[in-house]
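Engineer: Got a predicted model here, sequence first, then my questions.
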Amino acid sequence: MSSEEKRLAGEAAVKYIEDGAIVGVGTGSTVAFFIDALAGIKDRIQGVVSSSEQSTAQLKKHGIPVFDLNATGSLTVYVDGADECDPHKRLIKGGGAALTREKIVAQAAQKFICIIDSSKRVDLLGKFPLPIEVIPMARSLVGREIVKRGGNPVWRDGVVTDNGNWIIDVHGWQIADPVGLENDLNQIPGIVTVGLFARRPADVVLIGDKLM
């Protein structure tokens, strides 16, 4: 059922794409279905801005032009998945280690369409470990700061982001105030991006082909 919901969500998101648009494209297994569906209307769009090398490879395989965000300006729409989504459309993202570029492209978009299956819907964020991208030399420093805040930091050993950084996954948090936590963590030197998408949540969430 999960795979079918992902496919339905990916296909449903195409309905939000306007002719002539440059589309922001996220990363992950659900987005892979969206990219396949987007290929069916590639002649109606100018192209895309991609959030990861993985998505870029799939997009180019379909012959969809991929642009640099610096050359496009703001985007009409951004489509991406999530690891968790709460009732206020606030998200945890970063399971695929592409959170920094995802957050940049989401910020550049006028509308953020989040596509998920029902297993990602939660009442309170935090059961899925919160990914944080860090500058490598700051890994231990950031880890100590997380412990002070009651979290259990685990280095995602062997993973290097597309930006050349490392990922810390934080276990043990029940995130009642995701905006406050996002703001707090953003002040810690060495953190590049936090996998909380709360200050800029999704505008539309599709669970399969149904609106949340």
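Structural biologist: Looks like it came in fine.

Engineer: ok, how many other residues are close to Q107?
Structural biologist: Neighbour count for Q107, taken as other C-beta atoms under 10 Å: 16. Backbone N, C-alpha and C define where each C-beta goes, glycine included.

Engineer: how far away is it from R90?
Structural biologist: Separation of Q107 from R90 (C-beta to C-beta, to the nearest Å) stands at 15 Å.

Engineer: And for I45?
Structural biologist: 28 Å.

Engineer: Compare those two (neighbour count), which wins?
Structural biologist: Remark: of I45 and R90, R90 carries more neighbours, 21 against 18, as counted by other C-beta under 10 Å.

Engineer: pretty sure the more buried one contacts F197?
Structural biologist: Yes - using C-beta atoms under 8 Å, R90 is in contact with F197, at 6.6 Å.

Engineer: Which strands and helices lie in contact with the one helix or strand T193 maps to?
Structural biologist: Assessed by DSSP states H and E, T193 sits inside strand 191-194. For strand 191-194, the packing partners by 3 or more C-beta pairs under 8 Å, 6 or more residues apart in numbering; DSSP states H and E come out as helix 99-108, strand 130-134, helix 178-185.

Engineer: Need the contact partners of the next helix or strand after it.
Structural biologist: Downstream of strand 191-194, the next assigned helix or strand under DSSP H and E is strand 196-197. Here strand 196-197 makes contact (C-beta atoms under 8 Å, 6 or more residues apart in numbering) with 82, 90-93, 103, 106, 125, 130, 175, 178, 181-182, 185.
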